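S.K.: For reference, the sequence and a predicted model appear below.
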Amino acid sequence: MIRHLRLLLAASVLALPMAAASLPQKAEAATASTTTSEARQAAKQRHAAARRGHRAHASQARRAHRQQARATRPHRRAARAAG
């Protein structure tokens, strides 16, 4: 159940920058008279948005994995005392 929720969240996090990245493309298609520098600038912005989305997903995945690892394994000191 948790894994399904995590996958759903990961998919939504990854889909956000893609949706945001398609907006400037649609705006550009309407004008159709963009210079090379403007096109390059728009591409940079799309790339940055995609990177931000990926970073957010990666950090969230790391956090979830750490939390799950903590929940399943006893603390090192407690484990040493027990064994």
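M.R.: In hand now; what should we look at? What you are looking at is a predicted structure, and each value in this text was computed from that prediction instead of being measured. Numbering: from 1, shown residues only.

S.K.: per-residue confidence at residue 44?
M.R.: At residue 44, the pLDDT value in this model is 95.

S.K.: nope, residue 30 is what I was after
M.R.: Looking at residue 30, its pLDDT stands at 55.

S.K.: Moving C-terminal from the helix or strand where residue 65 lies, which element do we reach first?
M.R.: Per DSSP states H and E: residue 65 is located in helix 36-72. Scanning forward in sequence from helix 36-72 by DSSP H and E, the next helix or strand is helix 76-82.

S.K.: So which bits of that next one are buried?
M.R.: When neighbours are counted by 16 or more other Cβ atoms under 10 Å, no buried residue of helix 76-82 is found. Yep, even glycine has a C-beta here, placed from its N, CA and C like the rest.

S.K.: pLDDT averaged over it, what's the number?
M.R.: Throughout helix 76-82, pLDDT has a mean value of 75.
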